[in-house]
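Peer 1: give the three-dimensional model of this entry:
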Amino acid sequence: MNTAFVIGSQKISSPLDSCDHMGMTNTPVQYIDGEPSLYCNITFSDIDVYADGRIGSTYDLTLSHHITVGLNQTDVKVEAIFDLGDARLIDTSTNSELAQGGTFSVELPYAMMLTLPNSHGEPIVPTGHSDNSLEYNQTDANGNPLQVSQLKMNNEFLIFNGTGSYGSTGYSSMQYSAQSMVTHGFPGLVYGDTRSIKSDPEITVYYDSITNNDFLSVPGILIYAVIGIVAVTIVATALVIRKRNHRRNGEQ
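Peer 2: You can find the predicted model right below:
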């Protein structure tokens, strides 16, 4: 999975697996108003802006997932924090470092898809879509199509610099397929001034926990089922990197 830095018409693809270190922590399951929830924090440290690492330009990305599981919907709120203090950018139109005060954007992709537990991650093909949701040939108790919603993408985000923080507005778009990609973009960042940015999109999965036994059967497996229902590519990428680091360290 890649994030991207955008300078004018130039897009720099930055793979997360180029990071020097990945750390992941999670809280025990807590019950809030009878609904199970947990936090899962993932930090990618010293990610190379440029895939070949040729100029020593790096950044950190922290993703704090708050997962709340209800009887009829699951909410995944993702707080994304980019630390850009060590990111050095090259403007290919001049073959030199981007001028202080120049502007750039950062883009973060998410994957939205629906899978069944024990299906090895194979996505179910949607039967319909809109600009902010996916629909499936599954219905709730009222006959409404099951949806994975992007309605709470929340394009507002915070920019932090040396004097404080201020709000700005980003953009989002969805590329439709069985595993649809949602791009969350943060434009208007000022080179040499922007130190970090923070956003908090939310993905909601709607379902019927009583009649749709393929997805959920009893409340006791709700936390397990959410793994099969909603997939944010970042989580899967983190797990892959975690296993890779364990193998490097001789762990099983």
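
Peer 1: H184 reaches E202, doesn't it?
Peer 2: No - taking contacts as C-beta atoms under 8 Å, H184 lies outside contact range of E202: 11.4 Å. No exception for glycine: its C-beta is placed from N, CA and C like everyone else's.

Peer 1: higher neighbour count, those two?
Peer 2: H184 (23 against 17; other C-beta atoms under 10 Å).

Peer 1: wait, Y176 sits on H129?
Peer 2: Yes - counting by C-beta under 8 Å, Y176 touches H129, with 4.9 Å between them.

Peer 1: tell me which of these two has more neighbours.
Peer 2: More crowded of Y176 and H129, by other C-beta under 10 Å: H129, with 18 against 14.

Peer 1: list the contacts for the closest residue to D83 other than its chain neighbours?
Peer 2: Using C-beta to C-beta, 6 or more residues apart in numbering and skipping the chain neighbours, the partner closest in space to D83 is D60 (4.0 Å). By C-beta atoms under 8 Å, 6 or more residues apart in numbering, D60 lies in contact with 43-47, 82-83.

Peer 1: before we move on, which element is D60 in?
Peer 2: D60 is part of strand 58-69 when elements are defined by DSSP states H and E.

Peer 1: give me the distance from that strand to the chain's centre.
Peer 2: Relative to its chain's centre, strand 58-69 lies at 7 Å (C-alpha atoms, centre = their mean, to the nearest Å).

Peer 1: mark which of the contacts of D60 are buried, thanks.
Peer 2: 43-44, 47, 82-83 (16 or more other C-beta atoms under 10 Å).

Peer 1: just these: which are in strands?
Peer 2: 43-44, 47, 82-83 (DSSP state E).

Peer 1: which members of the residues you listed are the farthest-apart pair?
Peer 2: T43 and F82 (11.5 Å; C-beta to C-beta).

Peer 1: okay, and the common contacts of these two?
Peer 2: With C-beta under 8 Å, 6+ apart as the test, T43 and F82 both reach 60-61.

Peer 1: hey, where'd the strands end up in the stretch 51-200 of the chain?
Peer 2: 58-69, 73-83, 90-91, 96-97, 103-112, 128-129, 133-139, 145-152, 156-161, 164-169, 171-175, 180-190, 196-199 (DSSP state E, counting those that start in this stretch).

Peer 1: of all the ones you listed, which lies closest to F5?
Peer 2: strand 103-112 (5.9 Å).

Peer 1: hang on, the earlier thing: would a markdown table of the ones in strands among the buried ones among the contacts of D60 with distance to Q100 and pLDDT be doable?
Peer 2: Below are these laid out as a markdown table (distance: C-beta to C-beta, whole Å; pLDDT from 0 to 100):
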| residue | distance to Q100 | pLDDT |
| --- | --- | --- |
| T43 | 28 | 91 |
| F44 | 26 | 92 |
| I47 | 23 | 93 |
| F82 | 19 | 95 |
| D83 | 19 | 97 |
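
Peer 1: low-confidence stretches in the stretch 151-252 of the chain?
Peer 2: 151-153, 205-252 (pLDDT under 70).

Peer 1: quick one: E79 from S64, how far?
Peer 2: Distance, E79 to S64, using C-beta to C-beta, to the nearest Å: 4 Å.

Peer 1: same question, A80
Peer 2: For A80, the distance to S64 - C-beta to C-beta - is 8 Å.

Peer 1: higher neighbour count, those two?
Peer 2: Counted by other C-beta under 10 Å, A80 and S64 do not tie: A80 has more neighbours, with 22 against 17.
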